[in-house]
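Enquirer: Below are the sequence and a predicted model for it; my questions follow.
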Amino acid sequence: MGYGFPAAIGAKLGRPDKIVFDIAGDGSIQMNIQELITAVAYKIPVKVAILNNSYLGMVRQWQELFYKRRYSASDLSRNPDFVKIAEAYGALGIRVDKKKDVRNALQKAIASPLPALIDFRIEREENVYPMVPAGQALNQMIEGMA
């Protein structure tokens with residue numbers, strides 16, 4: 001958690017001819033969002049897609065599935081405004097609240113010569129699958145809940 005953004009900056013430096021996206025959770029990006037200044041200062045047009053559910057998503061998912069929704073220390077409902085933070089650093093900030101706006105936001109971010117951050121607002125209890133429960137083998141993964 002938190003590794004994706006600096007890794008994306010490095011990947012973009014290594015392959016400047018490629019479009020590079022960091023796909024991050026809202027908790028993950030907050031671990032090093034200050035690196036936006038590095039991307040802006042050195043004109044590294046890396047793109048960040050934040051999957052923002054106002055939770056530490058994987059922690060919350062474990063608490064939901066294995067601890068009867070006893071949520072503890074995973075609520076991020078007081079997140080900052082990521083678009084304003086991006087703009088404050090001199091990057092492009094975009095917010096997406098509706099599925100119909102996804103394509104336009106991606107096109108705008110990709111076309112921009114600036115580093116770009118897209119704040120995708122998603123359902124608070126959206127889960128990520130497949131996942132492997134603690135202590136289990138890969139052939140015991142959970143593929144999704146009905």
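Expert: Thanks, I have the structure now.
Enquirer: and Pro6, what does it touch?
Expert: 32, 35 (CB atoms under 8 Å, 6 or more residues apart in numbering). C-beta: built from backbone N, CA, C; applies to glycine.
Enquirer: Identify the residues contacting Asp119.
Expert: Asp119 neighbours (CB under 8 Å, 6+ apart): 50, 52, 82-83, 93-96.
Enquirer: Helix or strand: which one has the residue nearest the centre of the chain?
Expert: The chain has Ala24 as the residue nearest its centroid, 2.1 Å off, counting by CA atoms, centre = their mean. Per DSSP states H and E: Ala24 is located in strand 21-25.
Enquirer: Which neighbouring elements make contact with that strand?
Expert: Helices and strands touching strand 21-25, by 3 or more CB pairs under 8 Å, 6 or more residues apart in numbering; DSSP states H and E, are helix 4-14, strand 47-52.
Enquirer: For the last one, what is the distance to the chain centroid?
Expert: In terms of CA atoms, centre = their mean, to the nearest Å, the centre of strand 47-52 is set 4 Å apart from its chain centre.
Enquirer: so what does that strand touch, helix or strand wise?
Expert: For strand 47-52, the packing partners by 3+ CB pairs under 8 Å, 6+ apart come out as helix 4-14, strand 21-25, helix 26-29, strand 116-121.
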